[in-house]
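1. next come a sequence and a model predicted from it.
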Amino acid sequence: MLEAKDLRKEYPGKLALRGLNLQLAAGEVFCLLGQNGAGKSTTINLFLGFIAPTAGAAYIGGLEVAANALKTKQYLAYIPENVLLYPHLTGLENLALFSSLAGFRYRESELRAYLAQAGLPAEAVARRVGSYSKGMRQKVGIAIAVAKHAQVLLLDEPTSGLDPKAANEFSALLRQLSGQGTAVFMATHDIFRAKEVGTRVGIMRAGALVDVRPTAALNAQELEQLYLTHMHD
């Protein structure tokens, strides 16, 4: 569902991404660990088509992103660190708007069902998003992804600033989506969460993917030690 082939991004005086090669299958959760500036957000922005690669290519659903920016966005949903919603609209109105922009028209009962499935409390559905917590905004983001029938979900630091209960709920939603065949690519600092939800974990340093492991082969402590080793070698 998602592939990078020799993907490279240079800025004047800085090499942000050094020849990334990666494949992500349907239903897989790939967690990318790395310090700030390691190249995680650059990777996500290349898959989104927000920036153009210097060399190599990013593919979504077998289509090259740079040449098919609009088409590939139909496969995608993106949840940044702070989900961008219209604060003066309700959760229900935001979901109706974003799903209609993706070409879907739903009855109110269907929209409410998507929000309920994403775990948004019923009392919040008709409240303005400006009053929502970060965790509640993310649940609307997940509902939008499901309503758009997104086959690939891109996440950038989604659990930062969430309390443990909200982070656990978010992890459960990701597992549910991957179980339904959604490919999930998550850039994160959260080693524990990467171990908990990831099927594979990659470690990025200075724009290079320096290690990839199946999470089943490591416990959280071993993953942390592996990460620290790569940061200090």
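-> Okay, I see it. Residues are numbered from 1 along each chain as shown.
2. C-alpha only now, for contacts and for neighbours.
-> OK.
3. residue 205 against residue 38, yeah?
-> Yes - Residue 205 lies in contact with residue 38 (C-alpha atoms under 8 Å); the separation is 5.0 Å.
4. across the sheet, point out what pairs with the residue nearest the centre of the chain.
-> Centroid-nearest residue in the chain: residue 155, 1.8 Å away (criterion: C-alpha atoms, centre = their mean). Listed beta-bridge partners, residue 155: residue 79, residue 186 (assigned using DSSP bridges).
5. quick one: residues contacting it.
-> For residue 155, the contact set (C-alpha atoms under 8 Å, 6 or more residues apart in numbering) comprises 78, 79, 80, 81, 184, 185, 186, 187.
6. helices of the protein, residue ranges please.
-> Assigned by DSSP state H, the chain shows helices spanning 40-48, 69-73, 91-101, 108-117, 134-147, 164-179, 191-197, 220-232.
7. for residue 26, find the nearest of these.
-> Minimum separation from residue 26 across these (C-alpha to C-alpha) falls at helix 164-179, 7.6 Å.
8. packing partners for the closest one?
-> Secondary-structure packing of helix 164-179 (3 or more C-alpha pairs under 8 Å, 6 or more residues apart in numbering; DSSP states H and E): helix 134-147, helix 191-197.
9. can I get these in CSV with mean pLDDT, mean neighbour count and distance to residue 222?
-> What follows is the helices and strands packed on helix 164-179, written out as CSV (pLDDT from 0 to 100; neighbours: other C-alpha atoms under 10 Å; distance: least, C-alpha to C-alpha, whole Å):
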stretch, mean pLDDT, mean neighbour count, distance to residue 222
helix 134-147, 93, 24, 29
helix 191-197, 91, 20, 10
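10. adding distance to residue 93, write those out as a markdown table.
-> Putting those into a markdown table (distance: least, C-alpha to C-alpha, whole Å) gives the following:
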| stretch | distance to residue 93 |
| --- | --- |
| helix 134-147 | 10 |
| helix 191-197 | 30 |
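11. residue 8 is nearest to which of these?
-> Of all the helices and strands packed on helix 164-179, helix 191-197 sits nearest to residue 8, with 24.6 Å by C-alpha to C-alpha.
12. what comes into contact with the closest one?
-> Contact with helix 191-197 is made by 29, 31, 33, 171, 174-175, 188, 201, 215, 218-220, 223-224, as judged by C-alpha under 8 Å, 6+ apart.
13. show the buried residues in these.
-> Buried by 16 or more other C-alpha atoms under 10 Å: 29, 31, 33, 171, 174, 175, 188, 201, 215, 223, out of the contacts of helix 191-197.
14. where do the domain boundaries of the protein fall?
-> 2-75+151-232, 87-149 (automatic domain parsing).
15. could you list the low-confidence segments of this structure?
-> 233 (pLDDT under 70).
16. quick revisit: can you list the buried ones among the contacts of helix 191-197 in CSV and add distance to residue 164?
-> Shown next, in CSV, are these (distance: C-alpha to C-alpha, whole Å):
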residue, distance to residue 164
29, 20
31, 19
33, 19
171, 10
174, 15
175, 17
188, 15
201, 21
215, 21
223, 20
